[in-house]
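[1] my questions are about this predicted structure, shown below with the sequence.
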Amino acid sequence: MSLSLRDALIITVCVVVHLAYRYRNKSKYPLPPGMPKWPIVGNAFQIPASQQHLFFKDLGEQLGSKIFYLKAFSQDMIVINDVKIAQDLLDKRSSLYSSRARTPMLNDLIGINYFFPFMQYGDEWRSHRRIFQQYFSPKNMKKEEERTVDFIRKGLLPNLYETPEKFLEHLLNVVGGLITATTYGVQIHRVNDPLVEYQEHVYGAGEKAATPGQFLVDVIPQLKYVPGWFPGAGFQNVAREIKEMTEEVMDKTYDMTLKGIDDGSTSDCFVSWSLENNSGQANYDSQALRTKQIAAAIYKAGSDTRLASSTTFVMAMLLHPDVQHKAQAELDSVVGHDRLPDFSDRSHLPYINAILKEVLRYNPPLPFGLPHLTSGEDVYDGYYIPKGAMVFANSYAMLQDEETFPNPRSFKPERFMNADGTLRTDILDPESVATFGFGRRICPGAQLALSTLYLMFSSILALYDIMPEQDSAGKPIHVSPEFGGHSIISQPIPFRCKITPRKGKNVEGLLKDYLGHEVI
Ligand code: HEM
């Protein structure tokens, strides 16, 4: 039997009507404003696959609304470009706004439902988060700060002294190594640690899969049933490979720590603490499995974000020598010339603190956070918010808001300072608002992140000058502040600079106790 053109038209109309009925707005309230949508696909092909935060900011301005609605096939999306709206919904109505979307690539094909940053809201997420928070609590902060001091003084600072041109590698090795040691209690090679490189390779592949819209199967979920050999279904093979690698790295690193606990070579860390904490409990086996899964989730959460902020810092210092010199003058007057900065100096270094805030504001590492998901319908300010909508809290737009932060694209730590040199308390603080997300899913590693960044920034500036490299004719090579990445993380595009010991500082003398450690 062959179909006539008339039959085909009738079937098409029926499908469209059925879809329109199925996904209609059942509420008497209108949806927030949005862009015109194509039939069936909605806005799927208008949303870019990377740098979505820029698109969301511009679109909000075009629509004249700080909250708006998009749709990709059947997926409702709410974008929030405003702190108050994000707080009203994600903080104050957090019981409705704390889930995460299931994506076909990540959840169904790769199957990493055990990574709690991507878990749906519920008891299992709560158990994971509770274990995580108990370890990363103020109680253990002192120990982690000591570890940070060790990594920066024995790792980063000597590396910048010996091979400053490899500063990007050194920053990656120190943040990756630090989080690996915090999690697994293993020793880390000062340069190119193999375990850091292995995790980077594996979780780097997974990161792409976590970015909304990177794979067609996330846009057309039915494709997940298409076998890998089918033309165009290469994502099946990618998913299988990521799944196998992720499980392998998770098992290997965890087993290494168990072995180290047995032979006494593991230092205090998240895994040893958690296993000890649960020993003798009836639910030990399930808690041990959770410990392994949480440990695996920590690496990416704790390394890329801090790396993005550290490279943003180096770039900002390169482009703003005036800021650099002012910070060095503050360090010299507070810390002096005979020792390196430590955590006890933090509250006496307002300008360094202002630089940290400005780095987070200027390039928030997760510029649209990790999208939340609504677990019920809601009405906000007369707008209908559907159940199952992905909610993007676009911290980039919030931290670039012209009214709160005039001239937002210029890097200006002074915006956080009073005329008398103290820190302002009457301005939105990126250390506590927007950068680390909202509500029940707010980043539970924020305090650790802030203390690492503080010590890193102050230690680098105490010893080194960051300057432009010169070309063969001796002219400074211009670097423009560009950010990119095809993932949820916003990183400066790799750039070059010259890092040299500060004139008039006894850099070698200050480093003498820390040079020559091959492992930390
Ligand atoms: C500058 C550094 C960092 C930034 C900007 C950052 C930012 C964020 C953001 C925006 C979220 C999503 C929050 C939300 O859904 O509303 C998040 C989640 C998370 N972060 Fe961080 N983070 C940083 C460092 C860290 C570190 C060092 C760790 C681990 C020690 C960590 C662990 C996590 C975890 C486990 C989650 C998932 C929480 C959940 O879903 O319940 N983060 N982070």
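    That came in fine, so what should we check first? Quick caveat, the model's predicted, so the values are computed rather than measured.
[2] Ser472: how many residues sit nearby?
    Other residues near Ser472 come to 5 when the count uses other C-beta atoms under 10 Å. Every C-beta, even on glycine, is put in place using the N, C-alpha and C of the backbone.
[3] ok, Gln287 next?
    The local packing count at Gln287 equals 18, with neighbours defined by other C-beta under 10 Å.
[4] now do the same contact list for it.
    131, 274, 278, 281 (C-beta atoms under 8 Å, 6 or more residues apart in numbering).
[5] any idea which of those is closest to Ile188?
    Nearest to Ile188 among those: Ser274, at 20.2 Å, using C-beta to C-beta.
[6] doesn't Gln133 make contact with that closest one?
    No: between Ser274 and Gln133 no contact is recorded; they are 11.7 Å apart, counting by C-beta atoms under 8 Å.
[7] higher neighbour count, the two?
    Between Ser274 and Gln133, counting by other C-beta under 10 Å, Ser274 is the more crowded of the two (21 against 11).
[8] nearest residue to the more buried one other than its sequence neighbours?
    Nearest-residue entry for Ser274: Thr291, 4.2 Å, with adjacent residues in sequence omitted and distances by C-beta to C-beta, 6 or more residues apart in numbering.
[9] any idea which helix or strand carries that neighbour?
    With elements delineated by DSSP states H and E, Thr291 resides in helix 284-319, which encompasses its position.
[10] just Ile499 next, same as before
    Since the elements are taken from DSSP H and E, Ile499 ends up inside strand 498-501.
[11] quick one: the host helix or strand of Asn173 to chain centroid distance?
    Taking DSSP H and E as the criterion, the element that holds Asn173 is helix 167-184. Put simply, helix 167-184 sits 15 Å off its chain's centre (C-alpha atoms, centre = their mean, to the nearest Å).
[12] my read is that Ile179 contacts Ile298, right?
    Yes: if you go by C-beta under 8 Å, Ile179 and Ile298 touch, sitting 6.2 Å apart.
[13] quick one: Glu207 from Gly264, how far?
    Counting by C-beta to C-beta, to the nearest Å, the separation of Glu207 from Gly264 is 35 Å.
[14] which one of the two has more residues nearby?
    Taking neighbours as other C-beta under 10 Å, Glu207 and Gly264 compare with Glu207 leading, 19 against 6.
[15] go ahead and confirm the more buried one touches Gly485.
    No: in this structure Glu207 lies outside contact range of Gly485 using C-beta under 8 Å: 9.3 Å.
[16] and the nearest residue to Val479 once chain neighbours are set aside, what does it touch?
    Spatial nearest neighbour of Val479, chain neighbours left out: Phe495 (4.6 Å); criterion: C-beta to C-beta, 6+ apart. With contacts defined as C-beta under 8 Å, 6+ apart, the neighbours of Phe495 are 315, 318, 479.
[17] among the contacts of Gln287, name the ones in helices.
    Among the contacts of Gln287, the residues falling in helices (DSSP state H) are 131, 274, 278.
[18] mind checking pLDDT for the first one?
    Just to be clear, that refers to Ile131. Model confidence at Ile131, expressed as pLDDT, equals 95.
[19] ok, it - contacts?
    Applying C-beta under 8 Å, 6+ apart as the definition, the contact partners of Ile131 turn out to be 274, 287, 290-291, 294.
[20] if you set the cut-off to 10 Å instead, what comes out?
    With contacts taken as C-beta atoms under 10 Å, 6 or more residues apart in numbering, Ile131 has the following neighbours: 116, 270, 273-274, 277-278, 287, 290-291, 293-294.
[21] which one of the contacts of Gln287 is nearest to the ligand?
    Within the contacts of Gln287, distances to the ligand taken as C-beta to the nearest ligand atom reach their minimum at Ile131, with 10.8 Å.
[22] thinking again about what came up before, tell me the gap between the helix holding Thr291 and the middle of its chain.
    Averaged C-alpha coordinates place helix 284-319 at 8 Å from its chain's average position (C-alpha atoms, centre = their mean).
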